[in-house]
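Student: prediction below, plus the sequence it came from.
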Amino acid sequence: MALLILPRRPPRPAVHSIPTLTPFLYPSFVRRIHRSTPSADAEPLSSDEAPSPLPSPALESHPHHIFTNSPFADLRTISLASGAGGNGCISFLRDKFISDGPANGGDGGTGGSIYIQAIVGETSLHKLGRQGVIKASDGSHGKGSSSGGKRGEDVVIQVPVGTVVREINRYDPIVDAEDPLEWQKWTHYPDSLAKNLADPKFRTVKFPVNHHRNASELLRATHPYKVDLDLSEPTQKPILLLPGSPGGLGNPHFVSTSLRHPLFATKGTKGFRMTIQLELKVLADIGLVGFPNAGKSSFLRAVSARKARVGDWAFTTLSPNIGTVMVDERRGEDGKERFTIADIPGLVEDAHLDKGLGLGFLRHVERARALAFVIDLSSPDPVEDLRKLWRELEEYETDQLEEIAPEGHVRWTGISQEPVKKREKKERMRDKKWLVIANKADLEGTREKFFKLKKEVGEGVEVVPISALRKEGVENALGVMKALLGV
Ligand SMILES: Nc1nc2c(ncn2[C@@H]2O[C@H](COP(=O)(O)OP(=O)(O)OP(=O)(O)O)[C@@H](O)[C@H]2O)c(=O)[nH]1
Ligand SMILES: [Mg+2]
């Protein structure tokens, strides 16, 4: 039976130069033995078994490769509220000699706006965790003597590079007001409400619609569709999420030849609100994909000095660990010859429907340059496991593509620039390079399963038998990864 669901790639010579049938695990198949870390319970080497001549990344003996094991917050939902505008003031010049001076009420201050910026140095969204609500301050009311109210303070939300920002909902006080005229509000001089209402001059005064609508229009021009920002690079200029609302206009704006002393001004517009979801996507070179207990964390332990949590129960890993593997000690210092491996929590069937730890995992593999499927050879049907993993990835991807609005992403690079509408081109899962890490090859009865798996996967994709527990074969797996990444 052909394993049609698995994407096949043409053979890659670089990859093929690496022997992936780790001989020590299945010695009768290949006579050569390569063992970088002999373990106590491993089979002893026989005298006719020569060590592999192939270069090894020698990771186990390498004291300098780094492995960071930091759980981090990677998904946050927060509510934003921009500042309301301050009210316009109703005031008249009065002094010893002028008892009936001109109107001089100041305008209300504009409310504070909310921006977002991706910066280098931030690594987690956890700082935003406790806040839940982020509010910019309101503008203050206008005062007499034509003094305008103070502007509300802006807020810039700083997030790590790699954060995706998605709007869940927004409330625009102008567009979404229940009563279309509700936002057109006046404020009246003390005790003059009744007088104003009875005065035809007041009733014929036009509400300064354009002034009060400007922030609403700015928001709609900035984010005509739902906010969907992919901050995969540092943001030079903070990106506007919610504008501060305009302050009310003071009474001098309503002076006319027939109305010398307006006893009214406009109220400031209420603030805007928006709920957004922030998601930090792991930017790893290799994403480990596997069912719970397959040995993903064990593999990372095997290639690193530090310890990822390993457990004999499902979902030992609850949030991603990123391991950095230095390929070569000398060249590693310039930061180029190293690559990162993300150990993510185990997948389960129907993870794309958010089962198990669900979508949480899948988000992280999306951005990996290559995928390493970690398969437990002691499972009843490793071939079926691999097939299921692929199915999950692809169903997740289909769901994601459906979620994107037909207009596509509005990608922003700065507030002064026009939003560019374009559909984000994500690399499809099937287009990613991939390999299979066939783990637990030390266990009995895995040999046949390994060969069956290898046969089903076919040419062009490497299936590397390893024992993460005994740290055997892991260097071959890293060799294949290096070849896939071209490092
Ligand atoms: N025999 C054998 N057992 C292994 C091997 N690798 C891992 N294990 C065991 O399998 C269990 C699961 O290992 P983990 O590394 O925690 O698996 P995981 O894929 O990270 O699991 P989750 O984090 O739950 O998704 C542990 O009890 C390991 O000791 C191996 O090569 N051989
Ligand atoms: Mg784990």
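Tutor: Cool, the structure landed. Since this is a predicted model, take the numbers as computed values, not measurements. Ligands and ions are numbered 1, 2, ... in the order given.

Student: now for the helix or strand containing Ile341, which elements pack on it?
Tutor: Assessed by DSSP states H and E, Ile341 sits inside strand 338-343. Using 3 or more C-beta pairs under 8 Å, 6 or more residues apart in numbering; DSSP states H and E, the elements in contact with strand 338-343 are strand 286-290, helix 296-302, strand 321-326, helix 474-485. The C-beta positions use only the backbone N, C-alpha and C, and glycine is treated the same way.

Student: pLDDT of it, averaged?
Tutor: For strand 338-343, mean pLDDT is 75.

Student: is ligand 2 contacted by it?
Tutor: No. Judged by C-beta under 5 Å from the ion, strand 338-343 makes no contact with ligand 2; its nearest approach is 5.9 Å.

Student: list the neighbouring strands of that strand plus their orientation.
Tutor: If you go by DSSP bridges, strand 338-343 pairs up with strand 286-290 (parallel), strand 321-326 (antiparallel).

Student: any idea which of those has the lowest pLDDT on average?
Tutor: Lowest mean pLDDT of those: strand 321-326, a mean of 59.

Student: in CSV: the helices and strands packed on strand 338-343, plus mean neighbour count and distance to ligand 1.
Tutor: As requested, the helices and strands packed on strand 338-343 are exported to CSV (neighbours: other C-beta atoms under 10 Å; distance: least, C-beta to the nearest ligand atom, whole Å):
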stretch, mean neighbour count, distance to ligand 1
strand 286-290, 28, 5
helix 296-302, 27, 3
strand 321-326, 23, 9
helix 474-485, 24, 9
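
Student: which among these is found nearest to Tyr115?
Tutor: strand 321-326 (28.2 Å; C-beta to C-beta).

Student: show me what the helix or strand hosting His212 is packed up against.
Tutor: According to DSSP H and E, His212 maps onto helix 209-222. Using 3+ C-beta pairs under 8 Å, 6+ apart, the elements in contact with helix 209-222 are strand 239-242.

Student: next SSE downstream of the strand it packs on?
Tutor: strand 264-266.

Student: tell me what that next one is packed against?
Tutor: In terms of contacts (3+ C-beta pairs under 8 Å, 6+ apart), strand 264-266 is packed against strand 186-188.

Student: show residues contacting whatever helix or strand comes next after the strand it packs on.
Tutor: Sequence order places helix 193-198 as the next helix or strand after strand 186-188, per DSSP H and E. With C-beta atoms under 8 Å, 6 or more residues apart in numbering as the test, helix 193-198 has contacts from Trp186, His188, Tyr189, Phe202, Arg203, Leu263, Phe264.

Student: Asp376 and Leu263, how far apart?
Tutor: In this view, Asp376 and Leu263 are 80 Å apart by C-beta to C-beta, to the nearest Å.

Student: what kind of secondary structure is Ser146 in?
Tutor: Using DSSP: H, G, I helix; E, B strand; the rest coil, the structure places Ser146 in coil.

Student: which ones are touching the closest residue in space to it that isn't next to it in sequence?
Tutor: Excluding the flanking residues, the one nearest Ser146 by C-beta to C-beta, 6 or more residues apart in numbering is Asn104, at 4.7 Å. Residues in contact with Asn104 (C-beta under 8 Å, 6+ apart) are Ser91, Phe92, Leu93, Gly144, Ser145, Ser146, Gly250, Pro252.

Student: apart from its neighbours in sequence, what residue is nearest the fifth one?
Tutor: The one in question is Ser145. Per C-beta to C-beta, 6+ apart, closest to Ser145 is Asn104, 5.8 Å.

Student: can you pull the pLDDT of that neighbour?
Tutor: So Asn104 comes in at 93 (pLDDT).

Student: check the one 4 residues further on too.
Tutor: At Gly108, the model reports a pLDDT of 96.

Student: gap between it and ligand 1?
Tutor: Distance, Gly108 to ligand 1, by C-beta to the nearest ligand atom, to the nearest Å: 55 Å.

Student: repeat for Arg428
Tutor: Arg428 sits at a distance of 25 Å from ligand 1 (criterion: C-beta to the nearest ligand atom).

Student: am I right that Ile78 is in a strand?
Tutor: Yes. Per three-state DSSP, Ile78 lies within a strand segment.

Student: among the contacts of helix 193-198, which pair sits farthest apart?
Tutor: Spatial extent of those (C-beta to C-beta) is set by the pair Tyr189 and Arg203 at 16.0 Å.

Student: looking at the two, which is more packed in?
Tutor: Legend: neighbour count by other C-beta atoms under 10 Å for Tyr189 and Arg203, higher for Tyr189 (18 against 9).

Student: ramachandran angles for that one?
Tutor: phi -60, psi 150 (degrees, to the nearest 10).
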